[in-house]
Structure formats: C-alpha cells, structure tokens
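Undergrad: Pasting the sequence and the predicted model now:
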Amino acid sequence: MTKKRKRSILLSTGFLCVMVVVAGILRYLWIFPAHPWETFQQYLDFYVYSDMLAHWVTAQKYWIPGVQWSYADLMYPPGTGAFIALLFGPRMERLWLFLFAQWLQTMWIFFGTGYLTFLIYGRRAGMIALFIAAFSFPLFDYAVYMLSETPFTSLLLVAAIFMALAVPAVLLEGTAPYSHAVCVILLCRSSPGDCSCVSAYDSPQSRGIHAACA
C-alpha cells in the first residue's frame, strides 16, 4: 500500500491568500499610518520635495490652459506628471485617489512577481517568489511619494509578463543558457547606484527556485 504524498503548503490556496493579505497590510501600513498627515498641505510639506516637487509642478501644468512648456520640463519623466495630474484631477486635490492607486500598484508588483515566475517555472517557484515579494521593502518603499519608480516598475512588469507569454516555453527553459538565466527582475530604483531587485533562477538539475534580494 503506497502512502499518499502530502501536498506542499506552497501549492495551497490558503498560502496564496495569506500572502495576499500580508502583502496588502504591510503596504497599507507603510503608505498610510507610517506617513501620517492631517491636511493636504501637510502632506505637501512633509513628503513633497526634491524630485517629487518637480513632478508635482509638472502635474499642475497639465491643467493650466495655455501653459508654456520648456526643455526643463523634460528633466524628469513627463509621463509621471501626467499620471499624477490624472489622479489628482483638475483641482489637484484628490490625494486619497493617488495614494490608493499607489497601493494598488504595489499590490500588482507583488502579485506580478509571482505570476511572471509561475509562467516560466511553475506554481511552486511562483509561490516562493510571492513570499519574497510580500516582505521585500524596496518593492513598496517609494509608493508613498510622488516619484516615477512605482508606475515605471508596474509597467515594466507588465511588459515582462507579456514577453513571457509571447516567447515559446522551449526558449525559456529548454536550453541551457535560458535555464540558468535570471527570470524575474524588478527594477525599483532607476538610478544605477541605488537599485533593488528580486531575482529568481533555476537549473535543469534542480527545479527549485533561488531568490536573492539586493
């Protein structure tokens, strides 16, 4: 009589639900309680400076009829200013919507990390990637600020997932060069000297996933 093999906890739906809840709570605590403010002006005074101030000024220009643009407006990604302007609205006062959108993006980055790994290496590897992404502070560090890193990372992850869906599986894990390559890279800070990532890689001999946070 053969013993029934126990199913790994990593493959259970319960594990997935727990990781989603934990990731959501951690990101909520960081974006809201850890960065308190009572009025919109307080938020601007406490958390909008340096690069963030440049994005804020650019965002306001999108709602000013006949505004004059200059080359200086291209020093920072203009798309970030447009994104902020869209969320804040014509009166530039919907801070709650901006912060909620930032929270949603951090949750997408968390979930997308696991999904991309799942597409290439299967469910077990995807679950491990989810576990790492849930607690990886660099993946939601910048979400409370008006910066380009969070939307950039979200869109970069979308592009990586579509690429993984488009490329035949044999190219991803059927050859030695690809089976040893990094399969998940999430660039969280665009400056070369301050880069954080979550990477997952595998080998034909060992189907496990090794994750590293730098």
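TA: Right, received. Where do you want to start? Numbers count the residues shown, from 1 in each chain.

Undergrad: what ranges do the helices span in this protein?
TA: 13-31, 40-47, 51-61, 78-88, 95-121, 123-135, 149-166, 169-173, 176-179 (DSSP state H).

Undergrad: by how many degrees do the third one and helix 149-166 diverge?
TA: If I follow you right, that is helix 51-61. Orientation check (axes from the mean of the first three to the mean of the last three Cα atoms, to 10 degrees): helix 51-61 against helix 149-166 gives 80 degrees.

Undergrad: how distant is helix 51-61 from the center of its chain?
TA: Relative to its parent chain, helix 51-61 has a centroid offset of 22 Å by Cα atoms, centre = their mean, to the nearest Å.

Undergrad: what is the rounded mean pLDDT of that helix?
TA: What helix 51-61 shows for mean pLDDT is 95.

Undergrad: What residues of it count as buried?
TA: Residues of helix 51-61 classed as buried by neighbour count (16 or more other Cβ atoms under 10 Å): 51-52, 54-56, 58-59. C-beta coordinates here come from the backbone N, C-alpha and C atoms, glycine included.

Undergrad: Quickly note the distance from the residue most central in space within the chain to Asp51.
TA: With distances taken as Cα atoms, centre = their mean, Ile109 lies nearest the centre of the chain, 3.1 Å away. Separation of Ile109 from Asp51 (Cβ to Cβ, to the nearest Å) stands at 20 Å.
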